[in-house]
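Visitor: have a look at this prediction, sequence included:
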Amino acid sequence: MTTAAQMWPMIHSERASLADTLDGLNSDQWASPSLCAGWSVQLTAAHVLAGAEQTGFGFMKGLASSAFRFNVMMDKDAHRLGALEQRVIVDRLRARTTTTNHPPAPIAAMLSEVVVHGADIRQPLGLPNGSSMDAVVTALNMFKAASFPVAGKKHVEGLRLVATDADWSHGTGPEVTGPALSLLLAMTGRSSGIDALGGSGVGELRNRIA
């Protein structure tokens, strides 16, 4: 099991990699839709920045001001920071490649967020995955048991998931096989992850996340 002490360097590395990706985008790419429904690449990048800058006190204050509606708070923060210029978002994300502040959530959630949202940004732009396999596997292990804010556990319950490019598997039942990142995207409700998967359980997984 990956410890918190091991995860922070991974988080910092993933943020740095994503900042490099964002730094190389043109204005059309910046405005393109991400895999997050209703969010552009810019808003998704701003959401990652919001999480990277968040603290426990700030999280609770923001949640209260949003009438304790988590998704409303996330959307407000994304639009607030999404109004910043591209350079400012990139620079502020780079400034979070050494810090260890975080909201009241598991450290694994901080790593998993940047891995998944990194794919949300890169995949529709046709860019290569910038996440390490260790980070992807850590995210798989977190989301397989998660019920909030992403229903990973519900999506994969009763299925056996097997990564074809990593030493990772989970569950019992009809099998779903494919690249670890594609399994992660499907687990977190991204239909784009399904296309790279195979096995007798793919149809059921597709129906669950439709």
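Guide: Perfect, I can see it now.
Visitor: all contacts plus neighbour counts: C-alpha atoms, from now on.
Guide: OK.
Visitor: helix/strand/coil for the closest residue to Trp8 other than its chain neighbours?
Guide: Nearest residue to Trp8, sequence neighbours excluded (Cα to Cα, 6 or more residues apart in numbering): Thr100, at 7.1 Å. On the three-state scheme (DSSP: H, G, I helix; E, B strand; the rest coil), Thr100 is labelled coil.
Visitor: do you know how far Thr100 is from Leu159?
Guide: Thr100 sits 35 Å away from Leu159, going by Cα to Cα, to the nearest Å.
Visitor: mind listing what the residue nearest to Trp168 when sequence neighbours are not counted touches?
Guide: Leaving out its chain neighbours, the residue that sits closest to Trp168 by Cα to Cα, 6+ apart is Val162, at 6.2 Å. By Cα atoms under 8 Å, 6 or more residues apart in numbering, the residues touching Val162 are Trp168, Ser169, His170, Glu175, Val176, Thr177, Gly178.
Visitor: which strands and helices sit next to the strand or helix carrying the fifth one?
Guide: Secondary structure assignment for Val176, by DSSP states H and E: strand 175-178. Counting contacts by 3 or more Cα pairs under 8 Å, 6 or more residues apart in numbering; DSSP states H and E, the secondary-structure elements packed against strand 175-178 are strand 160-163.
Visitor: average pLDDT for the next helix-or-strand element following the strand it packs on?
Guide: Next helix or strand after strand 160-163 toward the C-terminus (DSSP H and E): strand 169-170. The average pLDDT within strand 169-170 is 98.
Visitor: just checking, what packs against strand 169-170?
Guide: In terms of contacts (3+ Cα pairs under 8 Å, 6+ apart), strand 169-170 is packed against strand 160-163.
Visitor: average pLDDT across the strand it packs on?
Guide: Mean per-residue pLDDT for strand 160-163: 98.
Visitor: what's in contact with the helix or strand bottoming out on mean pLDDT in the chain?
Guide: When the helices and strands of the chain are scored by mean pLDDT, DSSP states H and E, helix 56-65 comes last with a mean of 89. Residues from elsewhere that reach helix 56-65 (Cα under 8 Å, 6+ apart): Arg69, Phe70, Met73, His102, Pro103, Pro104.
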